[in-house]
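# sequence-free structure coming up:
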């Protein structure tokens, strides 16, 4: 089992929860004097691949990481994103190399960089990221997407959905290539879930 704790880091158990050990090798803690402590990292989200359980992605308070050994070690994959600060993360249910994030400018300004609402997707396990913005507002869109407000479905072409603190929900039926607004005017959206009937 594994747990991720904000300001605590990632902890793993190999004996059903009887004992736990810190598993933060490679994850930075920018806000501490020792940037690579054994524990104390501020983890915002961990996502595990359904197809390859050893593959995990991690969004840290500052940092974006991948593990290929169930969290024993982490490698930095913040390549080509405007910021490595953010909250949500989701992995394609069929493709362990494909994941989505929504970066925020910083911990001091927790809104989308440049006022452009963009979802970023990797198709090569974090070696590179591409911005996905077609159909999303790109002018004055200072939005915040929280850790559980991004979700994917299990359709043949993966659907991606997210909600914002300003009460908007957006969706994509083609893996993020194009987006449309689903609803506006809700209270802050803190969680988005998908279901197939």
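It's in. As the structure is a prediction and not an experimental result, all values here were calculated from the model.
# CA atoms for contacts and neighbours, from now on please.
Fine.
# what does stretch 6-23 rub up against?
Identification of contacts with stretch 6-23 by Cα atoms under 8 Å, 6 or more residues apart in numbering yields 1-4, 24, 38-44, 71-73.
# can you pull the contacts of the residue most central in space within the chain?
The chain has residue 89 as the residue nearest its centroid, 2.0 Å off, counting by Cα atoms, centre = their mean. Contact partners of residue 89, counting by Cα under 8 Å, 6+ apart, are 45-47, 57-59, 99-102, 147, 150.
# Using PyMOL, define a selection of the buried residues within the contacts of stretch 6-23.
Of the contacts of stretch 6-23, the buried ones go into a single PyMOL selection, burial set by 16 or more other Cα atoms under 10 Å:
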select buried, resi 2+4+24+38+39+40+41+42+43+44+71+72
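# any idea which of the contacts of stretch 6-23 is closest to residue 139?
In terms of Cα to Cα, no member of the contacts of stretch 6-23 lies closer to residue 139 than residue 44, at 26.8 Å.
# Assign a three-state SS to the residue of the chain positioned farthest from its centre, would you?
What lies farthest from the middle of the chain is residue 18; by Cα atoms, centre = their mean that is 28.8 Å. At residue 18 the chain is in coil, as set by DSSP: H, G, I helix; E, B strand; the rest coil.
# Roughly how far does it sit from residue 71?
Relative to residue 71, residue 18 is positioned 18 Å away (criterion: Cα to Cα, to the nearest Å).
# now swap in residue 126 and tell me
Applying Cα to Cα, the value for residue 126 to residue 71 is 16 Å.
# What pairs with the helix or strand bottoming out on mean pLDDT in the chain, parallel or antiparallel?
Within the chain, confidence by mean pLDDT, DSSP states H and E is lowest for strand 2-5 among all helices and strands, at a mean of 93. Looking at strand 2-5 with DSSP bridges, its partner strands are strand 9-12 (antiparallel).
# Just give the number of residues close to the closest residue to residue 134 other than its chain neighbours.
Leaving aside its chain neighbours, residue 134 sits nearest to residue 178 (5.0 Å; criterion: Cα to Cα, 6 or more residues apart in numbering). Neighbour count for residue 178, taken as other Cα atoms under 10 Å: 14.
# coming back round to it: note down every partner strand of the regular element (helix or strand) spanning the residue nearest to the centre of the chain and its orientation.
Here residue 89 sits within strand 85-91, counting by DSSP states H and E. Here strand 85-91 has these sheet partners by DSSP bridges: strand 99-104 (antiparallel).
# Okay, buried residues for the partner strand please.
99-104.
# which one of those is nearest residue 182?
For the buried residues of strand 99-104, the nearest to residue 182 is residue 102 (17.7 Å; Cα to Cα).
# Tell me how far the closest one lies from residue 163.
In this view, residue 102 and residue 163 are 11 Å apart by Cα to Cα.
# what is in contact with these two at once?
Each of residue 145 lies in contact with both residue 102 and residue 163 under the rule Cα under 8 Å, 6+ apart.
# re the thing from before, please tell me how far the residue nearest to residue 134 sits from residue 13.
Distance, residue 178 to residue 13, using Cα to Cα: 40 Å.
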